[in-house]
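Asker: Provided below are the primary sequence and the corresponding predicted coordinates.
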Amino acid sequence: MWSFKENQLIHREQLLERILATPQIRGVTLLGGEPLHQADNVWWLFEQIKQRSKLTTFLFTGFEMSELEAFGFAERIENLCDIVAVGRYNESLRNINQQWIGSDNQQVIFPNNSREQDNRVSLNQVELIIDDKGGITTLGFPSDELITSLNWRS
């Protein structure tokens with residue numbers, strides 16, 4: 001469900017400065033909508049982060065690797081991303097026991113220039129954020145049992 005909160009636009013240089021000034025973070029993750037609908041800004045931000053910090057960069061995209069190559073993004077992925085999750089979520093291939101991705105057609109890639117090692121494990125992590133009005137935001141892929149136990153409707 002989409003948020004009804006007003007969006008706040010921020011200039012990419014202000015965003016970069018906020019990121020770099022945030023203590024005790026290890027990296028920056030960009031995800032949906034589709035980050036690469038703003039590809040110029042994504043690549044600029046990741047390049048600045050790579051040049052100015054030791055933070056890792058993680059990109060989630062619904063595009064397949066073949067599409068990313070066709071867009072001319074392969075070199076930037078190789079040089080600017082530490083981890084990339086590619087592919088559209090496919091409900092018929094749902095697999096909630098993979099770290100970071102939710103369906104078997106998706107892939108997690110550690111480019112050759114990555115500053116991260118592939119330490120993935122088979123697990124299902126779900127984060128529930130309950131706001132002050134009782135609204136719940138779910139991050140991850142909740143199991144059918146969790147959904148049922150919380151009395152949610154799917």
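Answerer: Now that the structure is in, tell me what you want to look at.
Asker: what's the offset of the lengthiest helix in the chain from the middle of its chain?
Answerer: In terms of residue count, the longest helix belonging to the chain (DSSP state H) is helix 39-52. With Cα atoms, centre = their mean, to the nearest Å as the basis, helix 39-52 stands 15 Å off its chain's centre.
Asker: Check which helices and strands it is in contact with.
Answerer: If you count contacts as 3 or more Cβ pairs under 8 Å, 6 or more residues apart in numbering; DSSP states H and E, helix 39-52 packs onto helix 12-21, strand 27-30, strand 56-60, helix 74-80. Quick note: C-beta positions are derived from backbone N, CA and C, even for glycine.
Asker: switch the cut-off to 6 Å
Answerer: Secondary-structure packing of helix 39-52 (3 or more Cβ pairs under 6 Å, 6 or more residues apart in numbering; DSSP states H and E): helix 12-21, helix 74-80.
Asker: buried sites along the last one?
Answerer: By that I understand helix 74-80. By 16 or more other Cβ atoms under 10 Å, the buried positions in helix 74-80 come out as Arg76, Ile77, Leu80.
Asker: quick one: average pLDDT of it?
Answerer: Per-residue pLDDT over helix 74-80 has a mean of 96.
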